[in-house]
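Trainee: fold the following.
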Amino acid sequence: MDVPWTSIFIRFVLLLFVLEFTSTFKQTGTCYFPERWEGSWFQSGVRQSILIEGPRLSSKGRCVGSEGDKFLLLDDKKACYRCVVIHEKHLNVLQYKETYCHSRELLPSLCGLITGDALLYSMFRENAVPIPCPFKGPFTFTYNRGHGECRYPVSSIDTCIEDSKLLLSYQACPDVHGSESAIEELQCLALWKEGSSRYLVGKIYHSHVTSNEDRYRCFVYEKASPSSETADPVEYRVAQSGDATCNGLFSAIEGSRTMTLKRAPPLNRCRFPYWIAGSNRWHSLDYSSTYSFHHKNSTLRITNSTGIDMKIVCVQMKQSSRDESAVVLVTHFTMGCQNGYVCMAFYRRDANVMEMQMGTQTNRREDACNSNFFDKNSIPFVTLVMPSIDAQRCPFAGKFDITNLVQNKRETAAGKAEEIGSGSFYLRKPGRSAPFRRVKRLDEDLDCDGFGEFVVGCSNYYTMEFTTDCSAPDLVTSYSCHGQWEENGTSFLITSPEDHATYGSRKFCFIYKRVVAGVMFSTSAENCNRLVHPGVTGELVFNISSKGKCFDTDASARAHPINAWLIAFILFSSLLSAAAATR
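Mentor: This is a model prediction of the structure:
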């Protein structure tokens, strides 16, 4: 039977193409993989990481020719060739099919040996940059691992602070074999669409995960049609692979584990006190933490200088004074992938100053403000100020002698709270106060033969000054007064160094108590610490006694001055070093 000329012509053209393809290999001798593929990759069943670098694909060989997604690799050790067809599904996912390693004689037809049903391998980028997950909680869900649907108790999905993570809380159903209680954290790494199916690759973290074989998983998901189920609408259907591949995963209703996601009922929301909204942003005294209020004053976001975030939603008002200057709230928090309920109290201390107390976490909303989780008498206060805070009149005016000036060093912050959980510095339980270590009195070996002067409200109504006419008579260390309040006979005064009393400058808390002989002072750099006893403990301790009003100039009433540079150095260094030690 004669072969049609058209068939002969087609075969001839194909032969020319193959010859040209192979001759290109001979001429170039090398080719390079796309630069964006470079790095280390994980593949299930392969012990070591697969490295793509320049022309090399780890142990598979060196690229000697390419066309489109086809790459011809030379295995230098075995002196043989293989064809690898690589498809980029996502920047973090490569899938490929390959031939066995063959001799040079099969080069013209090597890539033709890859059939449609050849085994598909998946490679997942190690140390990949995460991506936002395709669905955001909260959800409730049921799941099936092949032994029946686990419907009750219902499982849940919560969105983490990072939108690239989800927290899956599986519940065990007593009537379903293979169901178990577990908490898994899913980090989303790649998304792509293939036909009508949408794929997700992620890493799963839980207590039993020990290797990447257990960590990487592939998912197929679909968004349910809103009109199909209206009584209790399903939002997503999800199927999960049973290993670190995407093999055998073709639809959202077939997989090693299938899940049906429904939108969880929203949290009931309350609002934070109206006066907090006067500034949607507050700061700790040392500016290490920022408290931002959002979404109609119902959401709070706390950001630490280390980058740790905490999101808090107001859920229920538990107690409130008539003017809302003091409130106790039940709130829902999310920090990383940790979430639950916590009781919080807010106190308006002055127009630009407030304090906050936060209890310990609980999974039950009704327990949050119980005494086991929230005890006002033992929880430390966090002092917060607005970013732009006006100076106010200082509490008393006049000139005062300084006595018993003492700098206290401490190994840890007094009353610093113990941290609950790894990396959690917001959710705290009260700790025992660390003892202060008393150092020598600073007036024992001064060059000057006396104490300095403390002047309040004389230059203007808003400043406190340490002055001297010793070796540096013109040196004045001044503090601006910003806000004050009194509590059980002890007063608290928020100040800032006058040279730095600008937007965003750190503040200090002066804690004082009036006595017959004068006023006993202590300072605190991080918060207005209730464990500090004025004139006894604190970062800087000193007492003052009146020597006259601002307009008195009688030199005989003037006490022996202290060396001003030493006062300035002690005051600044003690407060700043104490603040650094507590971070």
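Trainee: CA only for contacts and neighbour counts going forward, please
Mentor: Will do.
Trainee: skip the chain neighbours and tell me the closest residue to residue 96.
Mentor: Nearest residue to residue 96, sequence neighbours excluded (CA to CA, 6 or more residues apart in numbering): residue 86, at 4.3 Å.
Trainee: what sits opposite residue 342 in the beta ladder?
Mentor: residue 331 (DSSP bridges).
Trainee: next one: residue 62
Mentor: residue 56, residue 74.
Trainee: was I right to think it contacts residue 55?
Mentor: Yes - using CA atoms under 8 Å, residue 62 is in contact with residue 55, at 5.5 Å.
Trainee: the residue nearest to residue 96: what secondary structure?
Mentor: strand (DSSP: H, G, I helix; E, B strand; the rest coil).
Trainee: what does residue 44 give?
Mentor: coil.
Trainee: what residues are up against it?
Mentor: When contacts are counted by CA atoms under 8 Å, 6 or more residues apart in numbering, residue 44 touches 122, 123, 213, 243, 244, 245.
Trainee: quick one: residue 342 from residue 370, how far?
Mentor: Relative to residue 370, residue 342 is positioned 10 Å away (CA to CA, to the nearest Å).
Trainee: excluding covalently adjacent residues, which one is nearest to residue 337?
Mentor: Nearest to residue 337 is residue 160, by CA to CA, 6+ apart, at 4.4 Å.
Trainee: contacts only, for the residue nearest to residue 96.
Mentor: 69, 70, 71, 94, 95, 96, 97.
Trainee: count of residues packed around the fourth one?
Mentor: Looking back up the chat, that one is residue 94. 18 (other CA atoms under 10 Å).
Trainee: assumed it was part of a helix.
Mentor: No - judged by three-state DSSP, residue 94 forms no part of a helix; its state is strand.
Trainee: pairing partners for it in the sheet, please.
Mentor: residue 88, residue 123.
Trainee: poorly predicted segments of this protein, please.
Mentor: 1-29, 227-232, 295, 407-451, 468-476, 499-504, 552-583 (pLDDT under 70).
Trainee: can you rerun that using 80?
Mentor: Confidence mapping of the chain against pLDDT under 80 gives the ranges 1-29, 105-108, 225-232, 277-278, 295, 306-308, 406-452, 467-477, 498-505, 551-583.
Trainee: could you chop it up by domain?
Mentor: Domain segmentation of the chain under automatic domain parsing yields 5-125, 139-263, 274-385, 398-582.
Trainee: do you know which of these lies nearest residue 132?
Mentor: Ranking these by proximity to residue 132 (CA to CA) places domain 139-263 first, at 4.1 Å.
Trainee: which element is residue 188 on?
Mentor: Following DSSP states H and E, one finds residue 188 within strand 182-194.
Trainee: each with direction, which strands does the helix or strand just after that strand pair with?
Mentor: The helix or strand immediately downstream of strand 182-194 is strand 197-205, counting by DSSP H and E. The strands beside strand 197-205 in its sheet (DSSP bridges) come out as strand 182-194 (antiparallel), strand 216-223 (antiparallel).
Trainee: please identify the most buried of those strands.
Mentor: strand 216-223 (a mean of 22; mean count of other CA atoms under 10 Å).
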